[in-house]
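Asker: The amino acid sequence is not available; the structure is as follows:
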């Protein structure tokens, strides 16, 4: 069964539970960044590796470090990375319509103010990017994590 088929067979509640997992969201966003390519802000180099001890990418050429969110739609956001995936999923399932109240309800975030700007950025992002590809990346990472967990048991 393909990743896309699994996603279609997943209930709304199960999908949201999966997207709320911050560890999976971080790993999926890291993989997506690697797929898209990272450019060093200091030297312009395009070869990076993940420096796990610092939770950052490091340029192989000049050793300049780049945070996971730097240079992306999430740059400067203090919200969890999982909110990005939750928003994409909800927008995808609601024909790109999502109220702040619904987003707040689904994330469990205490305040609506930080969600307003975040959701506005996400809506602008999906007009220029393919939201399916990043959601598929998330599901691939989640599928791999489940296999690893099952193999350890």
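Answerer: Nice, thanks for sending it over. Quick caveat, the model's predicted, so the values are computed rather than measured. Residues are numbered from 1 along each chain as shown.

Asker: Which SSE is immediately downstream of the helix or strand harbouring residue 90?
Answerer: Here residue 90 sits within helix 82-93, counting by DSSP states H and E. Note on helix 82-93: by DSSP H and E, the next helix or strand toward the C-terminus is helix 100-107.

Asker: Let me see the ranges of the strands in the chain.
Answerer: In the chain, the segments counted as strands under DSSP state E are 48-51, 56-59, 65-67.

Asker: out of the ones you listed, deepest packed?
Answerer: Ranked by mean neighbour count, these are led by strand 56-59 with a mean of 19 (mean count of other CB atoms under 10 Å). For every residue, glycine as well, the C-beta is placed using N, CA and C.

Asker: Counting by contacts, list what that one packs against.
Answerer: If you count contacts as 3 or more CB pairs under 8 Å, 6 or more residues apart in numbering; DSSP states H and E, strand 56-59 packs onto strand 48-51, strand 65-67.

Asker: what would those strands look like in a markdown table with distance to residue 24 and mean pLDDT?
Answerer: Output for these, formatted as a markdown table (distance: least, CB to CB, whole Å; pLDDT from 0 to 100):
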| stretch | distance to residue 24 | mean pLDDT |
| --- | --- | --- |
| strand 48-51 | 16 | 94 |
| strand 65-67 | 19 | 96 |
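
Asker: what residue ranges in the chain are flagged as low confidence?
Answerer: For the chain, the stretches with pLDDT under 70 are 1-9, 145-153.

Asker: for the strands of the chain, which one sits closest to residue 136?
Answerer: The minimum distance between residue 136 and those falls on strand 48-51, with 20.5 Å, by CB to CB.
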